[in-house]
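[1] sharing a model prediction with you, sequence too.
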Amino acid sequence: MNSRASSSKETKCSAVHSTSDIGYEKKKISLTMDIVIFVPKSISLKSLKLGPVGTSKLIRYWDLNESDWDYCNVGNKVALKEINDSKDDVSIFIKEVQNIQTVSDLLYVTICLGISKNPSTQNFIIVMELYDNSLHKFLKNDFWKLRWELKLFLLYNTAWGFVNLHKNDLVHCDLHAGNILTKSYSDFINSNLTTIADFGSCSLENDSILKSNNKSNKIYGSIPYIPPEVLRGNTFTKKGDIYSFGGVMYKMVTGKQPFYDRAHDTRLIIDILWRSKLVIR
């Protein structure tokens with residue numbers, strides 16, 4: 001468990017478990033978690049959605065005050081990331097939780113508080129620390145309020161986030177302004193915090209390289225942030241994350257997405273691949 005969330009261990013909670021065993025294809029996959037939060041059937045999940053996010057939808061928060069269980073940190077709001085179709089195929093959920101566990105002690109990456117299940121859809125949920133906005137929405141709402149010192153500090157925090165991933169030989173593979181979370185403008189002035197989220201596509205770089213000969217690799221993500229070599233069907237590497245970060249820097253400077261004036265379609269992909277002097281506007 002991340003030391004930043006260690007306060008949740010100080011209070012005895014009836015919903016705390018050391019591990020969770022999930023049956024999948026007659027196998028048991030053990031997830032070592034410091035806290036597993038189960039949403040009771042009577043709970044009404046808020047319908048404020050920040051997603052879709054990759055293969056999931058992010059429900060903004062669940063207010064623990066509405067629960068009749070004995071929880072620690074009652075009154076805190078948390079983000080619930082529901083993994084689509086995980087009731088039928090739990091492997092995507094398992095992968096993302098394992099990725100989050102791997103990076104849980106790193107700075108500037110999302111804290112996983114536990115796992116749960118939506119009683120309505122039966123899909124699995126990842127319980128995470130709540131942030132107010134994605135960087136995309138933050139810049140859309142407050143771009144003209146930001147001084148250059150704050151812009152640079154946002155980029156500095158984000159850069160350290162994926163540097164920490166790379167030090168652990170991890171590649172994010174889907175870095176863009178929507179996967180970087182921030183506090184509100186007023187809170188940001190006080191806390192100067194950003195965090196990298198959505199580790200569903202994250203993988204060990206060596207594992208990705210071993211799969212590089214598989215030309216059937218699926219291309220997913222936001223086209224302006226995808227490296228040309230990945231668009232050609234090659235694997236994502238640490239260098240690809242840096243390319244994606246260049247798109248984040250462009251958005252920070254201009255307040256606009258790369259290629260904001262064009263449709264993000266096959267024609268744009270062709271132009272990125274074959275035009276050596278393509279102008280980004």
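    Perfect, thanks for sending it.

[2] going forward, measure contacts between C-alpha atoms and count neighbours the same way
    Fine.

[3] end to end, how far does stretch 131-148 reach?
    This stretch, stretch 131-148, spans 22 Å end to end (CA to CA, to the nearest Å).

[4] please tell me how far Q257 sits from H136.
    Distance from Q257 to H136, counting by CA to CA: 9 Å.

[5] could you do I92 as well?
    Noted for I92: a distance of 25 Å to H136, by CA to CA.

[6] same check, this time on Q101
    Q101 sits 26 Å away from H136, going by CA to CA.

[7] more neighbours: which of the two?
    H136 (22 against 17; other CA atoms under 10 Å).

[8] check which helix or strand that one maps to.
    Secondary structure assignment for H136, by DSSP states H and E: helix 135-142.

[9] F236 now?
    Residue-wise, F236 maps onto no helix or strand under DSSP H and E.

[10] backbone dihedrals for it, please?
    With angles defined as degrees, to the nearest 10, F236 sits at phi -80, psi 140.

[11] ok, it touching V230?
    Yes. Judged on CA atoms under 8 Å, F236 makes contact with V230 at a distance of 6.1 Å.

[12] of these two, who's got more company?
    Using other CA under 10 Å as the criterion, F236 and V230 rank with F236 on top: 23 against 17.

[13] ok, so what distance separates that one from I226?
    9 Å.

[14] G247 now?
    Relative to I226, and taking CA to CA, G247 is found at 9 Å.

[15] same thing with R232?
    Taking CA to CA as the measure, R232 falls 10 Å from I226.

[16] the more surrounded of the two?
    I226 (24 against 14).

[17] for K145, grab the count of nearby residues.
    K145 - counted by other CA under 10 Å - has 10 other residues nearby.

[18] let me fix that, I meant to ask about L135.
    Neighbours of L135 using other CA under 10 Å come to 24.

[19] G200 versus that one, what's the distance?
    19 Å.

[20] right, and L181 touches D132 too?
    Yes. If you go by CA under 8 Å, L181 and D132 touch, sitting 7.4 Å apart.

[21] flag every buried residue along stretch 238-246.
    K238, G240, D241, I242, Y243, S244, F245, G246 (16 or more other CA atoms under 10 Å).

[22] need these in a markdown table with pLDDT, can you?
    What follows is the buried residues of stretch 238-246, written out as a markdown table (pLDDT from 0 to 100):
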| residue | pLDDT |
| --- | --- |
| K238 | 92 |
| G240 | 92 |
| D241 | 93 |
| I242 | 94 |
| Y243 | 94 |
| S244 | 94 |
| F245 | 95 |
| G246 | 95 |
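
[23] report pLDDT for S7.
    S7 carries a pLDDT value of 37.

[24] do the same with the one 3 residues further on
    In this prediction, E10 carries a pLDDT score of 29.

[25] what's the answer for N217, then?
    For N217, the model assigns a pLDDT of 56.

[26] give me the distance between G255 and E96.
    Taking CA to CA, one finds G255 at 30 Å from E96.

[27] pLDDT weak spots in the stretch 151-281 of the chain?
    The stretch 151-281 of the chain contains residues with pLDDT under 70 at 184-193, 205-220, 276-281.

[28] rerun that using 80 as the cut-off
    Low-confidence segments of the stretch 151-281 of the chain, defined by pLDDT under 80: 183-193, 198-221, 275-281.

[29] would you list every one of the helices in it?
    Secondary structure of the stretch 151-281 of the chain (DSSP state H, counting those that start in this stretch): helices at 185-191, 205-210, 228-231, 238-254, 266-274.

[30] show me the contact partners of the third one.
    Meaning helix 228-231. Residues outside helix 228-231 that contact it (CA atoms under 8 Å, 6 or more residues apart in numbering) are I219, T235, F236, I269, I272, L273.
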